[in-house]
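> Got a predicted structure plus its sequence, pasted below:
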Protein chains: 2
Amino acid sequence: MKPKAINDLRERLHEISHLGATVALLHWDQEVNMPAKGANARASAIAYLSAVVHNKFIAIDDDGLLTNLKKSLEAGALDEREAVIVRETWRSYEREKKLPEAFVKELAEVSSKSQTVWAEARAKNDFNLWRPWLEKIVKLKQREAEYVGYQNSPYDALIDTYEPGMTTEETTRALNDLKDFLIPFWQKIMASKTKIDEQKILGKFPIKEQVAFNKLVAGKMGFDIEAGRLDKSVHPFSTNFHPTDVRMTTRYREDDVLYSISSTIHETGHALYEQNLPAEDFGTPLAEAVSMGIHESQSRLWENNIGKSLPFWQYFYPKLQAEFPKPFKRLKLPKFYQIINKVEPTFIRTEADEVTYNLHIILRFELEREIIEGSFEVKDLPRIWNAKVKEYLGLEVPNDQLGILQDVHWSGGDFGYFATYSLGNLYAAQFYQQMRKEIPKLDEQIARGDFSAVNAWLKNNIHRHGKTYHANELVRKITGEELNSRYFTEYLEKKYREIYKF
Amino acid sequence: MKPKAINDLRERLHEISHLGATVALLHWDQEVNMPAKGANARASAIAYLSAVVHNKFIAIDDDGLLTNLKKSLEAGALDEREAVIVRETWRSYEREKKLPEAFVKELAEVSSKSQTVWAEARAKNDFNLWRPWLEKIVKLKQREAEYVGYQNSPYDALIDTYEPGMTTEETTRALNDLKDFLIPFWQKIMASKTKIDEQKILGKFPIKEQVAFNKLVAGKMGFDIEAGRLDKSVHPFSTNFHPTDVRMTTRYREDDVLYSISSTIHETGHALYEQNLPAEDFGTPLAEAVSMGIHESQSRLWENNIGKSLPFWQYFYPKLQAEFPKPFKRLKLPKFYQIINKVEPTFIRTEADEVTYNLHIILRFELEREIIEGSFEVKDLPRIWNAKVKEYLGLEVPNDQLGILQDVHWSGGDFGYFATYSLGNLYAAQFYQQMRKEIPKLDEQIARGDFSAVNAWLKNNIHRHGKTYHANELVRKITGEELNSRYFTEYLEKKYREIYKF
């Protein structure tokens, strides 16, 4: 009886995941291909299909299949892999069944439309255009928290979707510690005598050649282009329909090739995770990422710890120079390395350096927590945003394009997501430290363009396990200790004291 | 009670159509974007979602909603538009409910996979690679005919999906008449002293510039690019998710710009129909095309009657010359007009001239009818194909790439579709003749690049009605008589006697 039950569950999950992947395709297409006038029809299609997926998932236990397997789990009658499937499916089921179908549909439709309006509002630098949609979304997310339930803060119910087990309180504590370190640290850097002129890497880079270079980098990193794509979108993202079809996007600026490259490296980090999940377990938690924090650890580890390191560019810089002799031929690698690691408070999160980046996150985390908790209203958001930018980054926000309108997340209903970027940085630093211990001559390998050991390490330690371990277990299993932010701060201290000589 | 019932039905159909459109997106993406390794996962997604759509559609009458409306219809209690919705929904429902869910799923999955194998088989010129898949599909389509039921031939049950009300017998008669005209007609043309050297329009045309020219033509014809796309695929096609998101594809050959242009004009003909369907009735038969024959009448009318006419090129040829001075600057319009209308039997249907084109269709129609009727087996197809090409077109097929492997239709399960191309030509000729009577100075307008009268005529007479009239009614309503192939044969006689001077 038992093997049949688990196989039945696998089959049902398999089907639901393919339908879920189709929702993801609707979203991907919306960002990459959809003609402008198709927005409303697309929002309806997303809403209807989201409701189908929701209902199919809830129906998984209509005949008691999941409940019976849960009993087997509690009786210790399942093997380790089966246990993971049942434990994690139960977890999602418990949450999902609390949400009414009409709510799921409304949230999906409003988020999709809101994203279209946000893109227009951003282009027009007009927060008020988007405001009513953001208000709707905040209300919906507050309702979601009420449906799901929480202990202390409604924000707990939201962060839990992205980072299972993480609470508002823990996150606040971790990010406050980080903030206490980061603000004086960037100020010290800015006070240093070392001045870096980033204009030297600007030039004129035809998009077609940028695309080719990005594909080269992604391919070298291990991305399988026959099992994925790299496209262009306003806001870079990665998504996956199956380990055999993982898609990422980047954005281009004609005068700055690094703009697209660093975003591609980031997305490739995500994409490698998805391509390395075990396809044979598709649909089950065995083939799903641990959490968004762990997901971001992959993108941030590649983007920063590796992608902004000297060895990485020892390999790629000669290629960059060959492809774009102007301006790189006359710029020496050490200088280039300095420039791509220049620290300076700026307005746009996705263009921020490693040091100030997390202050952008902390700001967003604080705002979204408070707005979900009802501490202030959407209309006050731009004002409070700007005040925090002043406080954390010392900058006066000149307009909402460079402020509140810059990120796609809230427009799509992703409240509770931002903190996972910073958690990702912390995980990444701790993982990278461990990886360096375990792989002898890692820098030499990277400098030769050989990423096989890095990939094998990430795959073996993280990717192949799917959701077998929760984030905190995984960190302990890999590094022998709890998540500890000192790996990140020590990494920053070492790297930036060297670059800025202080 | 009644207004509520019809609105309930509209709502259910609306939702189902959005889900159906999502299946169409999965297919479109498969042809345009999907990475190679994603094929199996895609086939599963298509299968699952097809089953969802099927089940939702069948469930439309679970509470007797449709049956009750059908009774209202029979009692004469519905207005004209309501009557169309109920009559046509009932028609589809009657058919769909006969198909078991497992069958729908299997057909969708096999067709999707088969299409991938077909593309590979075609590239490798290896019919045997594809053969087992085609065998599966033929068996599935035979099963479909048995489920649906038929009077004389199982092929009736298939052609009816594409051309409601049309029978195998009627189609055979119409196409036999056409065959009797066409074979001696192309032979007369070939015997004429006029020789046309089509090499003169060959050159080197960068794809990027071809794309731009194609978009120019499509836009001028009335295609709204903000409510659609033009992409590249192996086999050109058009699809629609909603009147606000209509997508077409074309294919490119670097040495022949007319290759992509004529295919774009054809697909734009389809796309205009879809963009002009009434969006406010989306989901209901009021916003669906009459039949594939009427659909093809739109594409063929634009592609041939207009797109291969002298006035059309009086407007576009100077633009083509300006964009591609080599080879067009030194080629005079009358010569160019001759070349694009050159008649000569060739192997590939989609490249065939207006005269021999229908012989390609007749051949396919005969083969698919017979194979569905079980008169021979899939393994014999290439042999019989080649024999018919010899008989109708006088050519020896050198390999299957130029023969049985050239068309995508059968690989995707589209048995019963081919005849609609020829019916489309017949409808097109009859419509065009009527349009010319009703629009004074049509040629002058076209020669000025003014397609507004053509578009208004097509929209008013055909597009805006959705499925209000069946094909035969529509033809009668517009032209005052039944479908009559003499409009097409007279059109060919007049045009080609002039070009070939016989």
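Received it, and whenever you're ready, just let me know what you need.
> Now do the strands in chain A.
A:228-232, A:238-242, A:245-250 (DSSP state E).
> could you give the mean pLDDT of the longest one?
This points to strand A:245-250. Strand A:245-250 shows an average pLDDT of 98 in the prediction.
> Taking their axis directions, it and strand A:238-242 sit at what angle?
Counting by axes from the mean of the first three to the mean of the last three CA atoms, to 10 degrees, strand A:245-250 lies at 170 degrees to strand A:238-242.
> what angle sits between strand A:245-250 and strand A:228-232?
20 degrees.
> Could you give the number of residues near residue A:193?
Residue A:193: 7 surrounding residues under other CB atoms under 10 Å in any protein chain shown. All C-beta atoms are positioned from the backbone trio N, CA, C, and that covers glycine.
> Which residue is the nearest non-sequential neighbour of it?
Spatially, and ignoring its direct neighbours in sequence, residue A:193 is nearest to residue A:501 (7.4 Å; CB to CB, 6 or more residues apart in numbering or on different chains).
> Mind pulling up the pLDDT for that neighbour?
94.
> what residues are up against it?
Shown in contact with residue A:501 (CB atoms under 8 Å, 6 or more residues apart in numbering or on different chains): A:192-194.
> dump the residue contacts of residue A:31.
Here residue A:31 is in contact with A:233-235, A:237, A:249 (CB under 8 Å, 6+ apart).
> Now stretch A:305-324: buried residues?
By neighbour count on 16 or more other CB atoms under 10 Å in any protein chain shown, the buried set for stretch A:305-324 is A:305-317, A:319-321, A:324.
> cool, stretch A:399-409 as well?
Buried, per 16+ other CB under 10 Å, within stretch A:399-409: A:400-409.
> Show me which of the contacts of residue A:501 is closest to chain B.
Distance ranking of the contacts of residue A:501 against chain B, using CB to the nearest CB, places residue A:194 first at 44.6 Å.
> Spit out the contact partners of the closest one.
By CB under 8 Å, 6+ apart, the residues touching residue A:194 are A:499-502.
> could you measure the closest residue in space to residue A:418 that isn't next to it in sequence against residue A:412, distance?
Nearest residue to residue A:418 in three dimensions, chain neighbours excluded: residue A:364, at 4.2 Å (CB to CB, 6+ apart). To residue A:412, residue A:364 is 14 Å away according to CB to CB, to the nearest Å.
> Of these two, which one has the most company?
Remark: of residue A:364 and residue A:412, residue A:364 carries more neighbours, 23 against 20, as counted by other CB under 10 Å.
> and residue A:175, what is it in contact with?
Here residue A:175 is in contact with A:358, A:361-362, A:365, A:419, A:422 (CB under 8 Å, 6+ apart).
> and the residue nearest the centre of chain A, what pLDDT?
Compute the mean C-alpha point of chain A, and by CA atoms, centre = their mean the closest residue is residue A:296, 4.5 Å away. Here the pLDDT value assigned to residue A:296 is 97.
> follow-up on the earlier one: among the buried residues of stretch A:305-324, name the ones in helices.
In this view, the buried residues of stretch A:305-324 that belong to helices under DSSP state H are A:310-317, A:319-321.
> Surely residue A:388 touches residue A:361?
No - in this structure, residue A:388 is not within contact of residue A:361 by CB atoms under 8 Å, at 11.6 Å.
> who's more crowded, these two?
When neighbours are counted by other CB under 10 Å, residue A:388 and residue A:361 differ, and residue A:361 comes out ahead with 23 against 19.
> That one against residue A:424, yeah?
No - with contact defined as CB under 8 Å, residue A:361 does not reach residue A:424; the gap is 9.5 Å.
> gap between the closest residue to residue A:481 other than its chain neighbours and residue A:282?
Nearest residue to residue A:481 in three dimensions, chain neighbours excluded: residue A:475, at 7.6 Å (CB to CB, 6+ apart). Look at residue A:475 and residue A:282: by CB to CB, they are 26 Å apart.
> And for stretch A:205-215, what's in contact with it?
By CB under 8 Å, 6+ apart, stretch A:205-215 touches A:225, A:230, A:250, A:252, A:254-257, A:260-261, A:264, A:319-320, A:323-324.
> Off-centre distance for that stretch?
Taking CA atoms, centre = their mean, to the nearest Å, one finds the center of stretch A:205-215 at 24 Å from the center of the full chain.
> So for it, what gets flagged as buried?
For stretch A:205-215, the neighbour count (16+ other CB under 10 Å) marks A:205, A:210-211, A:213-214 as buried.
> just to revisit the earlier point, can you lay out the ones in helices among the buried residues of stretch A:305-324 as a markdown table showing distance to chain B and pLDDT?
Formatted as a markdown table, these follow (distance: CB to the nearest CB, whole Å; pLDDT from 0 to 100):
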| residue | distance to chain B | pLDDT |
| --- | --- | --- |
| A:310 | 33 | 98 |
| A:311 | 30 | 98 |
| A:312 | 26 | 98 |
| A:313 | 29 | 98 |
| A:314 | 31 | 98 |
| A:315 | 26 | 98 |
| A:316 | 24 | 98 |
| A:317 | 29 | 98 |
| A:319 | 24 | 98 |
| A:320 | 25 | 98 |
| A:321 | 27 | 98 |
